[in-house]
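J.: sequence plus the predicted model coming up.
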Amino acid sequence: MNGFAMRNTQAKQTAAACYAERHAECHDLLKRIAIRLDEHEMRQRLESTNWGYAGDLGHVSQELAYVLAALGDRSAVDARGLDY
């Protein structure tokens, strides 16, 4: 079980209801990530010689590889040689 598995304090909530809430939350987070990624790209275009933006995305890409692995697809962590 992950660290969030026991977060629910409502004793009568079903596993299916908890899953549905978290699924919706994940979709919301993905939408927000897409918006922030687009904003990041716009800022990078204004400072195209600034390597910090590439560094930011290196970190984000690594974190997303771990998220993908947590959902059952290790291809991104394996391709990057990351420990998981």
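T.: That came through, no problem.
J.: for the protein, which segments count as helices?
T.: With helices called from DSSP state H, the chain shows them at 15-46, 52-70, 75-80.
J.: now those helices in TSV, with mean pLDDT?
T.: Converted to TSV, the helices of the chain look like this (pLDDT from 0 to 100):
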stretch	mean pLDDT
helix 15-46	98
helix 52-70	98
helix 75-80	98
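J.: got the ones you listed as CSV, with mean neighbour count columns?
T.: In short, each C-beta sits where N, CA and C put it, glycine included. As requested, the helices of the chain are arranged in CSV below (neighbours: other C-beta atoms under 10 Å):
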stretch, mean neighbour count
helix 15-46, 11
helix 52-70, 13
helix 75-80, 13
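J.: chain center to stretch 20-34: distance?
T.: Mean-position distance between stretch 20-34 and its chain equals 9 Å (C-alpha atoms, centre = their mean, to the nearest Å).
J.: now do Gly72 against Tyr84, distance only.
T.: Using C-beta to C-beta, to the nearest Å, one gets 12 Å for the distance from Gly72 to Tyr84.
J.: with Ser48 instead?
T.: 33 Å.
J.: more neighbours: which of these two?
T.: Set side by side, Ser48 and Tyr84 show unequal neighbour counts under other C-beta atoms under 10 Å, the larger going to Tyr84 at 12 against 7.
J.: what's next to stretch 66-73, contact-wise?
T.: Counting by C-beta atoms under 8 Å, 6 or more residues apart in numbering, stretch 66-73 makes contact with 2, 74-77, 82, 84, all of which sit outside it.
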